[in-house]
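K.L.:
Just to be clear, the model below is a prediction. Sequence and coordinates:
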Amino acid sequence: MGKIKSNFRKKDNESDASLIEKERYEILPKEEDEDTNPKIKLYNEMVRRAMTYETEFFPRYGVNNDDDLERIFNYVLNDYPEIFWINGYSWTGDQVKFSYRCVDENGVLDVKQIERKRQELKKHAKFFTRGITKRTKPYDALITIYRRLILTLDYDGKGLASHVDSDTTKDDRLRSLYSAIVEHKVVCAGYAAAMQYLLQSVGISCGYVSSNRVAGGGHAFNALKIGKYCYYLDATWGDRSNTNTGETGKNDIRYDFCCVPLKEFQLTDQSQVPYHTPNEKFYPDLEEFTSTNHEYFRFRKAYLLRYDEEQIVNVFAQTAINYDPKEMGSFTVGFRCYNQELAKYIVSQICIDTNYYRIIKKAKEIVRKKKRSAVKYLEKDFAGIEPSTSATFYVCFK
């Protein structure tokens with residue numbers, strides 16, 4: 001990807017970790033190398049021209065290979081999701097220019113519309129980072145944003161079917177950062193753009209990644225860095241809501257692909273693996289990433305190597321103790337297993353009535369000693385176990 005780092009430089013005396021009030025394009029990467037590296041020069045110039053609403057042709061600065069031009073254009077849009085008014089580009093000889101969305105009835109760029117939406121974007125983004133300060137641990141900030149995004153956004157199946165993105169007088173209603181943060185109905189590109197923008201805004205390095213092209217289109221997700229460790233993340237597949245299904249899944253959050261290495265990112269139906277394979281054309285050097293330090297289930301000691309009832313009881317108890325209905329959606333208890341076969345076996349054991357009630361009883365005893373008010377969550381009626389192909393499963397309650 002073009003870059004997987006934040007350009008934000010936060011002052012020590014700032015109490016809020018957000019860069020939403022900052023303009024990242026004012027600090028461009030490797031400006032000192034522009035005179036010797038034409039690709040960096042063109043990349044930075046595209047950012048400058050986009051942010052100043054340039055409508056005329058400008059030089060390609062010696063980047064004569066059309067594939068390189070395409071890559072640089074995509075890197076700019078992927079690195080700066082806040083530039084939601086760019087629709088494409090055209091070129092002639094040694095010059096290039098942008099085509100735009102957000103145009104008036106005469107096809108002229110509607111700067112007033114863009115400026116208004118930029119202000120709305122900054123205002124609404126604050127909801128997702130509320131309460132996150134420079135003292136917040138990066139992983140806690142990530143999980144907070146991930147949950148808020150999933151609980152707020154809906155995958156717009158209806159909009160995709162009716163081609164709401166075809167109206168170029170507005171931003172791309174299916175994929176733009178503005179639509180995700182302000183209007184809350186998007187497809188995968190909107191989720192990935194929002195995760196990148198919001199994580200970058202609190203100082204977490206995060207990039208937008210598109211998948212290989214497959215039948216029916218591609219997919220978009222994120223690569224991110226916490227400390228010295230890099231991971232993949234897919235918020236779209238963590239959200240079970242869809243405008244086609246009304247309120248079904250609206251309050252559910254799944255963590256199968258939250259901070260995982262490539263091997264587990266691709267642990268899904270074989271037909272779905274291309275959707276979690278970075279596009280080799282744009283990311284030929286993107287690493288596979290192997291760390292599991294911040295993988296959601298391992299981080300919460302909910303990764304099972306065998307059927308260990310004591311560990312399972314503790315996961316039930318800690319999930320209840322830490323549960324916040326305002327931030328975490330529906331109450332579920334999730335696990336990841338060493339492999340799919342083990343997951344199936346453990347599910348079969350938990351589903352045995354005597355085992356289930358024994359687990360719940362022991363978990364309630366632990367919760368009662370630490371946070372009596374949380375016992376009620378384990379007293380909810382059992383609603384079944386939801387398995388997945390990624391060796392995870394969720395114990396659900398009514």
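P.N.:
Looks like it came in fine. Residues are numbered from 1 along each chain as shown.

K.L.:
how about the helices in this protein?
P.N.:
With DSSP state H applied, the chain shows helices at 38-51, 66-79, 111-129, 138-152, 157-161, 177-178, 188-201, 262-265, 296-299, 309-322, 325-328, 340-350, 353-370, 375-378, listed in chain order.

K.L.:
contact partners of the first one?
P.N.:
In this case it means helix 38-51. The contact list for helix 38-51, computed with Cβ atoms under 8 Å, 6 or more residues apart in numbering, reads 2, 23, 25, 28-31, 33-35, 54, 58-63, 68-69, 72-73, 75-76, 80, 83, 85-86, 98. (C-beta placed from N, C-alpha, C; glycine too.)

K.L.:
burial of Y139, as a residue count?
P.N.:
The tally of other residues near Y139 (other Cβ atoms under 10 Å) stands at 17.

K.L.:
ugh, wrong one, I meant Y357
P.N.:
Using other Cβ under 10 Å, Y357 has 11 other residues around it.

K.L.:
Is it possible to get TSV of the helices of the chain that adds mean pLDDT?
P.N.:
Putting those into TSV (pLDDT from 0 to 100) gives the following:
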stretch	mean pLDDT
helix 38-51	94
helix 66-79	93
helix 111-129	96
helix 138-152	98
helix 157-161	95
helix 177-178	97
helix 188-201	97
helix 262-265	92
helix 296-299	97
helix 309-322	98
helix 325-328	96
helix 340-350	96
helix 353-370	97
helix 375-378	97
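
K.L.:
Switch those over to a markdown table; also include distance to T245.
P.N.:
Below are the helices of the chain laid out as a markdown table (distance: least, Cβ to Cβ, whole Å):
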| stretch | distance to T245 |
| --- | --- |
| helix 38-51 | 36 |
| helix 66-79 | 30 |
| helix 111-129 | 24 |
| helix 138-152 | 15 |
| helix 157-161 | 8 |
| helix 177-178 | 25 |
| helix 188-201 | 17 |
| helix 262-265 | 25 |
| helix 296-299 | 25 |
| helix 309-322 | 26 |
| helix 325-328 | 21 |
| helix 340-350 | 25 |
| helix 353-370 | 29 |
| helix 375-378 | 25 |
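
K.L.:
Out of those, flag the one nearest I385.
P.N.:
Proximity to I385, assessed across the helices of the chain by Cβ to Cβ, is greatest for helix 340-350 (5.2 Å).

K.L.:
Pull out the buried positions in that closest one.
P.N.:
For helix 340-350, a neighbour-count test (16 or more other Cβ atoms under 10 Å) marks 343, 346-347, 350 as buried.
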